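[1] Next come a sequence and a model predicted from it.
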Amino acid sequence: MRLTHSILAALPLVLVVHAALAADTGPDLETAGRLYQTHCVACHGEQRLGGTGPALLPESLSRIRTAEARDVILHGRPASQMAGFASTLTSQEIDDLVKYLYTQAAVPPRWTDADIRASRRQITDPATLSDTPRHGADPDNLFVVVEAGDHTVDILDGDRYEILAHFPSHFALHGGPKFSPDGRYVYFASRDGWISKYDLHNLTMLSEVRVGLNTRNLAVSNDGRWVLAGNTLPAGLVMLDARDLSLIQRIDTATDAHPEPSRVSAVYTAPPRKSFIVALKDVPEVWEIPYDGGDRPSFKPRRLAVENLLDDFSFSPDYRQLIASSRQAKGMEVIDLDSGGLIKRIPLPGMPHLGSGIFWKRDGRLIFATPNISTGLISVLDAQTWERIREIKTLGPGFFMRSHANSPYAWTDVFFGPDNDAVHVIDKQSLEIVRTLRPMPGKNAAHVEFTHDGRHLLLSVWDTKGALIVYDSKTLQEIKRIPMNKPSGKYNVGNKIEFAEGTSH
């Protein structure tokens, strides 16, 4: 593997700033700029865009706590090139650097088409690789596991629960990996803009390209030809050729009402529609970008005006309806994707996390259930009438919910709050919590993914000394425990490419 170890292994390390930030900054900021030039520019770049170390831009590091930033500057990062500065910098200098972390550059950083093209690397020649799997495992029952604690990825055999490959990733993979329709290739997007393509047949990285400086997520067309990435910096969309990640075109997200390009909230593929669906962060619009047009579609967006800025969304199983949440609407909206018209507005408490909402059949009717990131409840709705059926109280706000057609249960975490070591098991017919598990007391338990046949499921314990825990999906008995470094997510190939019931898309 040659996946740019230096960029990947060094995390949000020396949290400092460039000297050419605002001219009227105080002496402490000027000092921070000089320190950056002395200690950091060689690894993190003249404009903080990254080099052998990651980008040090506010957008890229927005999820890093200041206490963690200070600790990394003081002590460095194990298993990386980042050294500690406890003996080099004073306490005040380190505080200045931390304060300056989220200060914007005086000149906004740019990332041009030429930069994208220059960043692309062909790591492995596809002509040298086998067209059939070389690992002996069931290709549909592989899991791609993201270990956020050390920014690595595992390829796990979902039958024997053995790790087939372990390799470094770019900084902070975001939005979940996406797969080619045949399940052979998996595509990753990192928060600092890198898109990577990995061959699951040959367990090797093929290519990578940097599409921006801060990326939300990516989607792969259902014909396997195109990859669309959504950026917040620079704001906009980037279309790639899925075969080699070469740049096809940039899609501008500026509108008449918003002359500056809008940041992108999310991009998804809608297989029955043969299109990408895009939500914009700064404009109350949803865009549909068709990709069914031969070797070079026009990729001209069909723009749907909506009433509110959309924070999160999911789809009905037939992809005719968009199920969206909005802080302005204070609940959930069901939008017709053909007309853009509002079908129904559903007031819900808190903030439902619709991207993790799931569907299943109950008493012959399709229902939809969604966790809530600010209130301890699961909202359950009839997916035909969109009337609320039940609100299931939980121990606290949750982030992920999962199930499988062959399992009688839905699983949801309590991601936020003091009870985040708990996970609830819900009977899909009675809508009652039948078991609350605490697999590693005191450590955050979250994100379930089922095996392809639904017999077993994998639960993450999000801790540096965490684990993947395998359960029997019917008896709820623990099968195996695999130690890992903060396994933030795992994704089953077969379930993802089939858009299986009970998993997010």
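    Received, thanks.

[2] Name the helix or strand for the nearest residue to Arg184 once chain neighbours are set aside, please.
    Computed as CB to CB, 6 or more residues apart in numbering, the closest residue to Arg184 that is not its neighbour in sequence is His201, at 5.4 Å. Where you see a C-beta, it was placed from the backbone N, CA and C, and this is true even at glycine. Applying DSSP states H and E as the criterion places His201 outside every helix and strand.

[3] show me what contacts His201?
    Shown in contact with His201 (CB atoms under 8 Å, 6 or more residues apart in numbering): 129-135, 139, 184.

[4] mind redoing it with 10 Å?
    Shown in contact with His201 (CB atoms under 10 Å, 6 or more residues apart in numbering): 129-135, 139, 182-185.

[5] Could you check which helix or strand contains Ile258?
    That one is not Ile; residue 258 is His. His258 belongs to no helix or strand, assigned by DSSP H and E.

[6] quick one: the helix of greatest length in the chain to chain centroid distance?
    Ranked by number of residues, the top helix in the chain under DSSP state H is helix 27-39. A distance of 33 Å separates the centroid of the chain from that of helix 27-39, by CA atoms, centre = their mean, to the nearest Å.

[7] so the residue lying closest to Pro126 once chain neighbours are set aside, which of the three states?
    Nearest non-adjacent residue to Pro126, counting by CB to CB, 6+ apart: Leu206, 6.4 Å away. What DSSP: H, G, I helix; E, B strand; the rest coil gives for Leu206 is strand.

[8] which stretch of helix or strand covers Gly176?
    In this assignment (DSSP H and E), Gly176 forms part of neither any helix nor any strand.

[9] ok, so what distance separates it from Ser430?
    Distance, Gly176 to Ser430, using CB to CB, to the nearest Å: 30 Å.

[10] okay, these two: which has more neighbours?
    Higher neighbour count among Gly176 and Ser430: Gly176, with 19 against 11, using other CB atoms under 10 Å.

[11] Identify each buried residue in stretch 346-361, please.
    346, 348, 350-360 (16 or more other CB atoms under 10 Å).

[12] So which residues of this structure form helices?
    Assigned helices in the chain, in chain order: 5-9, 27-39, 41-44, 66-75, 91-100, 113-119, 493-497 (criterion: DSSP H).

[13] closest one to Gly376 among these?
    Nearest to Gly376, of all these, is helix 66-75, at 26.5 Å by CB to CB.

[14] State the mean pLDDT of that closest one.
    Computed over helix 66-75, the mean pLDDT rounds to 79.

[15] That helix vs helix 91-100, what angle?
    Here helix 66-75 runs at 130 degrees with respect to helix 91-100, directions being taken by axes from the mean of the first three to the mean of the last three CA atoms, to 10 degrees.

[16] Which positions within helix 66-75 qualify as buried?
    Under 16+ other CB under 10 Å, the buried positions of helix 66-75 are 69-70, 72-73.

[17] repeat for stretch 419-427
    419-426.

[18] just to revisit the earlier point, go through the helices of the chain and find the least confident stretch.
    helix 5-9 (a mean of 36).

[19] could the buried residues of helix 66-75 be laid out in TSV, adding distance to Asp453?
    As requested, the buried residues of helix 66-75 are exported to TSV (distance: CB to CB, whole Å):
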residue	distance to Asp453
Ala69	44
Arg70	47
Val72	42
Ile73	48
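
[20] Of the residues you listed, which is the nearest to Leu156?
    For the buried residues of helix 66-75, the minimum distance to Leu156 (CB to CB) is 29.1 Å, reached by Val72.

[21] Tell me which residue is most central in this protein.
    Centroid-nearest residue in the chain: Gly175, 1.5 Å away (criterion: CA atoms, centre = their mean).

[22] how close does it sit to Thr464?
    In this view, Gly175 and Thr464 are 22 Å apart by CB to CB.

[23] hmm, back to that, can I have the buried ones of the contacts of His201 as a PyMOL selection?
    Typed into PyMOL, the line below selects the buried ones among the contacts of His201, using 16+ other CB under 10 Å:
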select buried, resi 133+139+183+184+185
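
[24] and the contacts of His201, which of them are in strands?
    Tyr185 (DSSP state E).

[25] Gly417: what's its closest spatial neighbour, skipping adjacent residues?
    Leaving aside its sequence neighbours, Gly417 sits nearest to Gly396 (CB to CB, 6+ apart; 3.6 Å).

[26] How many neighbouring residues does the one you found have?
    Neighbour tally, Gly396, other CB under 10 Å: 18.

[27] follow-up on the earlier one: quick one: the contacts of His201 as CSV, columns for distance to Arg302 and pLDDT too.
    Conversion of the contacts of His201 to CSV gives the following (distance: CB to CB, whole Å; pLDDT from 0 to 100):
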residue, distance to Arg302, pLDDT
Leu129, 38, 97
Ser130, 40, 97
Asp131, 37, 96
Thr132, 39, 97
Pro133, 39, 97
Arg134, 42, 96
His135, 42, 97
Pro139, 35, 98
Asp182, 28, 97
Gly183, 29, 98
Arg184, 31, 98
Tyr185, 28, 98
